[in-house]
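**Q** with the input below, show me the fold.
(2 chains)
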Protein chains: 2
Amino acid sequence: MKCRVCRGPAVIDIRRHNANFCAEHFLRLCRDQVEKAVSRFAMLQRGDRVLVAVSGGKDSLALWDLLTEMGYEVDGLYLGLGIGDYSDSSGTYVRAFAEARGLHLIEVDLRADEGFDVPTAAAATRRVPCSACGLSKRHLFDRAALEGGYDALATGHNLDDEAAVLLGNVVKWQTDYLGRQRPVLPAGDGFPRKIKPLVRLTEREMAAYCVLRGIDYQVEECPMAAGNRHLGHKETLNDMEVRSPGAKHDLYFGFLDRAVDRFGSATDDEDPVALAPCAECGAPTTGDTCAFCRLAGQARAAEPVTLRPRRRSR
Amino acid sequence: MKCRVCRGPAVIDIRRHNANFCAEHFLRLCRDQVEKAVSRFAMLQRGDRVLVAVSGGKDSLALWDLLTEMGYEVDGLYLGLGIGDYSDSSGTYVRAFAEARGLHLIEVDLRADEGFDVPTAAAATRRVPCSACGLSKRHLFDRAALEGGYDALATGHNLDDEAAVLLGNVVKWQTDYLGRQRPVLPAGDGFPRKIKPLVRLTEREMAAYCVLRGIDYQVEECPMAAGNRHLGHKETLNDMEVRSPGAKHDLYFGFLDRAVDRFGSATDDEDPVALAPCAECGAPTTGDTCAFCRLAGQARAAEPVTLRPRRRSR
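**A** Numbering: from 1, shown residues only, chains lettered A, B, ... in the order given. Down below sits the predicted model:
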């Protein structure tokens, strides 16, 4: 197995590129793929200040590393979700990464700063944990990016993530979500610009990137996500990819090239929804109180829940 | 396990309906589902003369039975594809069905009437067998329906078939195919009306229908189709259906309700392609000679191929 670029011994094969790479040229490939995504979708301009949402997992730490290497000014944002040992060790990985590289890390702790945590919010609102968590993360990420005056909020969603979300939206033909499933959402209406620079790279590639760059990361999946539908869609796509290498890439980029605009625009200009400031926090919302403040209100009033790993059969 | 309708002993459970049925009420369910599809999509009107394309498999024989029971005047069309023993036994099932019920069967034999067969056509044109076969079937079905003056050509595509084709078109975002993937294509431009009355019923239900109605059918899959991508998509959807009963139905009918019109119209009025009669056979085509006549020309000139079952690894 030889590197496609230098013919030296390869360390990884990438079937959808039909090629093998040595460590040096694999790392270059990763940077090239991020640069390609950034430029193709006009995610960033030289000199932009970026806030990257870091979970302690491979994708977000690799993203922080990659964007920093590419010369952007990148700070990290870590949100303590209060998911037992999983959150404790996630925070440790993030802090160690930032300290070793002298990077600036912003920390928000849901329980200490907002008065609740994800397990309690899920129980109090009877939401699926991933739903309560996602809602909280989106709100607090947006707030931190705006308060810090960052040009963009970057998240570590990779090709596996985006293809799985897309498959989920397609099998139910959720046309409103489909119209907004883009690698960039422009700033506006009280929201920061949101970018996903890893959409051309897979989970497996990000894991290899971290190993080769000596980045220690949280390997475990979130215990509350076990068995969720998103992971089921990932399995489905992994099976498809084995039968037909490149299937995830074709699904996602074919959608962006030929279908997404049929479902709506990134800004929803054609069908504007009236947004007004939330009565409690000032964030843009379609009602009086935003969904985050409603969730937080219910969760703060509830008895804190001790995490029991949720294992649902599928 | 009790019948949802009469509380008598049930013979089949249908998870996506969350219900069980006795033989009598299952057969009624099948008729109701066909009537619902026919009326919802305006497939047929009282008194219509229908030509049903029969392969000898469960779906097409069940469809012939169902439409006849519903009072339509339905003739059968069997196309001998020349796929070795598989074709020989398929024809036997079709003839036995028609004779036992006094129904009129039209037979076309590719080798005897057109001078070639599917294995030879596939080899001569270097097409995948399913592609050469599908092209031949569409052409000869259309011709027979038009020559016989039928109001509609009906095929036995069921929910599994349509959902799998849809998934295949979606993963590659083949927008032209997506715009035309409808349960009815209206007549026009030298094509007969085409209808798929079984889109609300699954493979498993059609097999049960045949067993309960005493219809003998070809159980084997076509040996040339083994390992094709369509069967892979069916497996994918079967896995999804186990995790989430109703997934196939939601995928297909959600597409018809909320997405298909975004990809084109059934008649392609908006982007008309100029069609002219084929120089050889007169069928509508975009070129001088239609794709069928080109395929037939190459296949007739080739040495006949003896069928070897094609087993591809996936």
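**Q** going by residue numbers, what spans are strands in the stretch 201-314 of chain A?
**A** Read by DSSP state E, counting those that start in this stretch, the stretch 201-314 of chain A holds these strands, from start to end of the chain: A:276-277, A:284-285.
**Q** chain center to the last one, what's the gap?
**A** Okay, so that is strand A:284-285. For strand A:284-285, the distance from its own C-alpha centre to the chain's C-alpha centre is 22 Å (C-alpha atoms, centre = their mean, to the nearest Å).
**Q** which strands or helices does that strand pack on?
**A** Contacts of strand A:284-285 with other secondary structure elements, assessed using 3 or more C-beta pairs under 8 Å, 6 or more residues apart in numbering or on different chains; DSSP states H and E, are made with strand A:276-277. Quick note: C-beta positions are derived from backbone N, CA and C, even for glycine.
**Q** what residues does chain A put near chain B?
**A** Within chain A, the positions near chain B by C-beta under 8 Å from any C-beta of the partner chain are A:170-173, A:175, A:229, A:232, A:236, A:239-240, A:243-244, A:247, A:250-251, A:254-255, A:257-259, A:262-263, A:314.
**Q** buried subset of those residues?
**A** Neighbour-count burial (16 or more other C-beta atoms under 10 Å in any protein chain shown) is assigned, among the residues of chain A next to chain B, to A:170-173, A:175, A:229, A:232, A:236, A:240, A:244, A:247, A:250-251, A:254-255, A:258-259, A:262-263.
**Q** helices - which of those land there?
**A** Within these, membership in helices is found for A:170-171, A:175, A:229, A:232, A:236, A:240, A:247, A:250-251, A:254-255, A:258, A:262-263, as judged by DSSP state H.
**Q** list just the nearest of those residues to B:Arg200.
**A** Taking C-beta to C-beta as the measure, B:Arg200 sits nearest to A:Val171 out of these, at 17.8 Å.
**Q** give me the helices and strands touching the helix or strand hosting A:Asp75, please.
**A** According to DSSP states H and E, A:Asp75 maps onto strand A:73-80. When contacts are defined as 3+ C-beta pairs under 8 Å, 6+ apart, strand A:73-80 sits against strand A:49-54, helix A:58-69, helix A:84-101, strand A:105-109, helix A:129-147.
**Q** which of the ones you listed sits closest to A:Cys30?
**A** Judged by C-beta to C-beta, the one of these that comes nearest to A:Cys30 is helix A:58-69, at 6.7 Å.
**Q** which strands and helices sit next to the closest one?
**A** helix A:23-40, strand A:49-54, strand A:73-80, helix A:84-101, helix A:203-213.
**Q** can you list the ones you listed in TSV and add mean neighbour count, mean pLDDT and distance to B:Ala225?
**A** Rendered in TSV, the data for the helices and strands packed on helix A:58-69 read as follows (neighbours: other C-beta atoms under 10 Å in any protein chain shown; pLDDT from 0 to 100; distance: least, C-beta to C-beta, whole Å):
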stretch	mean neighbour count	mean pLDDT	distance to B:Ala225
helix A:23-40	17	98	37
strand A:49-54	24	98	47
strand A:73-80	22	97	51
helix A:84-101	17	96	47
helix A:203-213	19	98	32
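**Q** I'd like the ones you listed laid out as CSV, including distance to B:Leu29.
**A** As requested, the helices and strands packed on helix A:58-69 are arranged in CSV below (distance: least, C-beta to C-beta, whole Å):
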stretch, distance to B:Leu29
helix A:23-40, 50
strand A:49-54, 50
strand A:73-80, 51
helix A:84-101, 47
helix A:203-213, 43
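**Q** which one is the residue in the stretch 51-200 of chain A that chain B sits nearest to nearest to, not counting chain neighbours?
**A** The shortest separation between the stretch 51-200 of chain A and chain B is 3.6 Å, found at A:Trp173 (distances taken as C-beta to the nearest C-beta). Nearest non-adjacent residue to A:Trp173, counting by C-beta to C-beta, 6 or more residues apart in numbering or on different chains: B:Gly254, 3.6 Å away.
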